[in-house]
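[1] Sequence and predicted structure, then a few things I'm wondering about:
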Amino acid sequence: MMPKNFILQLLTLFSLLLSLGACATVEETSFYHNVEGITEQKLQPSYWLKQTQHASKLLLTSTQISALNQQQFASKTYLNAPLDYPETLSKDEIRQLIQAISTPSKYDRFYPNGTKLTQQHYQAYLDEMAIQTLAPKQTIEFGLVVKRAPMRTFPTLDRVLNSGMDFDIDRFQETGAFPGEAVAILHTSKTGEWLFVQNYHYRAWIQAKYVAKAPRKIVAAYHQASDFLMVTGDKIYTTYDPYQTSVSEVQLDMGTKLPLIDKATFKQHALNRQNPITGHLVQLPTRNNDGTLTIQPALIAKSADVHIGYLPFTKANIIKQGFKFLGERYGWGHDFNGRDCTGFIGEIHKTFGLLMPRNTGQQSSADYGVNTRFAKGTKIKEKMKHFQSLEVGDLLYLPGHVAMFLGYSNDGKPFIIHDVHGLSYTNSQGEKISGLLNGVSVTPLLPFKSYLKGIYNIKRIR
């Protein structure tokens, strides 16, 4: 007969083993996906940091990055400094700028209920644009964006889909604007509810309630502040303020840049009964009822994911910044409070101080960085030598998409991180897998044959 204590010890050990087995089962079954080669490890930045040599080496200095920006603005090909606009533009110049973006599509478009857009539908948007009211000489105004806002093809929030009725892709959505961005205001819509504006990389319609007007010199002083806080998290918020709603819990996305208030003046800012010592005191643009600008102090908690000044441009920071978006839902043109493939790439690089064009073709064509371009029809076999010598942060451009090289797995296979809508690849059994990813995802590169075939440029920002 076994001693009672021994039996109790066996039972305890058996229970422990069962619990461990249950945990293992839960862990295995809780991780479901249909992307071959992905493991839980590969969805952690630490995995890729371990694979990266010289991860902390500075790739470009802030001075070098500033020079790249200046070069882009000087060429005026894709980036345009809104504060460089003249005092006035002619009626014809404004009309051409608006009509370059705001014209009825040559393709069939549909509302979500299935109604096909007709000329009558478009006419309502054209009427709101009020191009016919343009003065012979249009005075250009300036302002700062006060809240994250959509920039639209037409002055409307109507969702419009393609013939495939893909609700995720609103064809009237162009891009997003973010707090603190300077804009040139080129025109006001018929009702006054919309403004046609130029930010640093796009022209489109934005709701007037998201823009605060101010003289050029005021906007310039804010925009050019050298002492600033950079938002390095995917999204952060100003602290809650029960007395001042305009500065309370304002969403700030990665890459948002806000001037800091000098610590010497902290005593002047009671911040509605909260001590500024608990956070970073920043200058936040707010909009008055008459549409003009007031810059107010706002607090961002010390615990928030922010950095004073730009982040150092290193491979380690590229990886860390990319993973902060992992799992965020794909948002065409910054729809769904998210971003798309170019927005993902652009916001990451904003934290280093580098500004990028809006669209994939523009980013790829821009001269900055070292570009390895492939002629149309280049065989995959000829590209493979380049795919085997990629470096962390290399940008892979293919028609309508961009992905960022993440690193080589333990078995030497290249992986990418990208904000991607669709899913289509061939697995190791030769089966075609298709569906949706619809978010920021880590995927292997080689199984995505359409990517290998379509990649026409590898851009290394050095």
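    Nice, thanks for sending it over. Residues are numbered from 1 along each chain as shown.

[2] host element of Ser424?
    For Ser424, the host element (DSSP states H and E) is strand 414-426.

[3] partners of that strand in the sheet?
    Within its sheet, strand 414-426 is paired with strand 401-408 (antiparallel), strand 432-444 (antiparallel), according to DSSP bridges.

[4] winner for burial among the ones you listed?
    strand 401-408 (a mean of 23; mean count of other C-beta atoms under 10 Å). C-beta coordinates here come from the backbone N, C-alpha and C atoms, glycine included.

[5] what's it in contact with?
    Residues outside strand 401-408 that contact it (C-beta atoms under 8 Å, 6 or more residues apart in numbering) are 48, 51-52, 318-319, 322, 341-342, 345, 348, 360, 363-364, 390-396, 414-418, 420, 442, 445, 451, 454.

[6] List buried residues within these.
    Neighbour-count burial (16 or more other C-beta atoms under 10 Å) applied to the contacts of strand 401-408 gives 48, 51-52, 318-319, 322, 341-342, 345, 348, 360, 363-364, 390-396, 414-418, 420, 442, 445, 451.

[7] Give me the neighbour count for the residue nearest to Val392 when sequence neighbours are not counted.
    Leaving aside its sequence neighbours, Val392 sits nearest to Lys315 (C-beta to C-beta, 6 or more residues apart in numbering; 4.2 Å). For Lys315, the neighbour count with other C-beta atoms under 10 Å is 21.

[8] Please apply the same query to Lys116.
    Lys116 has 10 nearby residues by other C-beta under 10 Å.

[9] Kindly report the same for Ile308.
    Counted with other C-beta under 10 Å, Ile308 comes out at 10.

[10] cool, and the one 4 residues further on?
    Number of residues near Pro312 (other C-beta under 10 Å) recorded here: 17.

[11] wait, what's in contact with it?
    58, 352.

[12] contacting residues around the helix or strand containing Trp48?
    Here Trp48 sits within helix 45-51, counting by DSSP H and E. Residues outside helix 45-51 that contact it (C-beta under 8 Å, 6+ apart) are 41-42, 55, 316, 319-320, 322-323, 392, 406-410, 415.

[13] how does it look with 10 Å?
    With contact meaning C-beta atoms under 10 Å, 6 or more residues apart in numbering, helix 45-51 is reached by 39-42, 44, 55-56, 315-316, 318-324, 326, 392, 406-410, 415, 417, 442.

[14] Next: stretch 56-76.
    49, 78-81, 84, 200-201, 309-318, 349, 352-357, 366-369, 391-393, 460-462.

[15] Ignoring the adjacent residues along the chain, who's closest to Glu181?
    According to C-beta to C-beta, 6+ apart, the nearest residue to Glu181 is Val145 (4.4 Å).

[16] Any regions of the stretch 101-250 of the chain where pLDDT drops low?
    Regions of the stretch 101-250 of the chain meeting the criterion pLDDT under 70 are absent.

[17] Show me the helices in it, by range?
    119-129, 216-223 (DSSP state H, counting those that start in this stretch).

[18] The stretch 301-450 of the chain now?
    Listed in chain order, the helices of the stretch 301-450 of the chain (DSSP H, counting those that start in this stretch) span residues 315-323, 341-350, 360-365, 380-387, 449-454.

[19] Does the third one pack against any helices or strands, and if so which?
    Under the contact definition 3 or more C-beta pairs under 10 Å, 6 or more residues apart in numbering; DSSP states H and E, helix 360-365 sits against helix 341-350, strand 370-373, strand 395-398, strand 401-408, strand 457-460.

[20] Just read off the phi/psi values of Tyr243.
    phi -110, psi -20 (degrees, to the nearest 10).

[21] ok, for it, nearest residue in space, not its chain neighbours?
    Nearest residue to Tyr243, sequence neighbours excluded (C-beta to C-beta, 6+ apart): Asn272, at 4.1 Å.

[22] Distance check, that neighbour against Ile345.
    Distance from Asn272 to Ile345, counting by C-beta to C-beta, to the nearest Å: 38 Å.

[23] try Leu83
    To Ile345, Leu83 is 25 Å away according to C-beta to C-beta.

[24] related to what we said a few turns ago, from the middle of its chain, how far away would the strand holding Ser424 be?
    Taking C-alpha atoms, centre = their mean, to the nearest Å, one finds the center of strand 414-426 at 17 Å from the center of the full chain.

[25] ok, back up a step: among the contacts of stretch 56-76, which are in strands?
    313-314, 460 (DSSP state E).

[26] Can I get the buried part of the residues you listed as one ChimeraX selection?
    Of the ones in strands among the contacts of stretch 56-76, the buried ones can be selected in ChimeraX as follows, counting by 16+ other C-beta under 10 Å:
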select :313,314
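
[27] which one of the ones in strands among the contacts of stretch 56-76 is nearest Asp108?
    Arg460 (40.2 Å; C-beta to C-beta).

[28] where exactly do the strands run in the stretch 1-150 of the chain?
    Along the stretch 1-150 of the chain, counting by DSSP state E, counting those that start in this stretch, strands occupy 58-60, 88-90, 137-139, 141-145, 149-152.

[29] what helices or strands is the last one leaning on?
    Strand 149-152 is packed against strand 173-177, strand 194-198, strand 203-207, with contacts defined by 3+ C-beta pairs under 10 Å, 6+ apart.

[30] Output it in PDB with nothing but the alpha carbons.
    Taking only C-alpha atoms (Å, rounded to 0.1, in the frame of the first residue of the first chain), the coordinates of strand 149-152 have been written out as PDB:
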ATOM      1  CA  ALA A 149      -9.600  64.400 -40.800                       C
ATOM      2  CA  PRO A 150     -10.300  62.700 -44.200                       C
ATOM      3  CA  MET A 151      -9.300  64.400 -47.400                       C
ATOM      4  CA  ARG A 152     -11.800  63.700 -50.100                       C
END
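
[31] got a list of contacts for that strand?
    So strand 149-152 is contacted by 101-102, 125, 145, 157-158, 170, 172-179, 181, 183, 194, 196-197, 199, 202-211, 331, 333-335, 358 (C-beta under 10 Å, 6+ apart).

[32] Check the third one too.
    Contact with strand 137-139 is made by 87-91, 93-95, 185-188, as judged by C-beta under 10 Å, 6+ apart.
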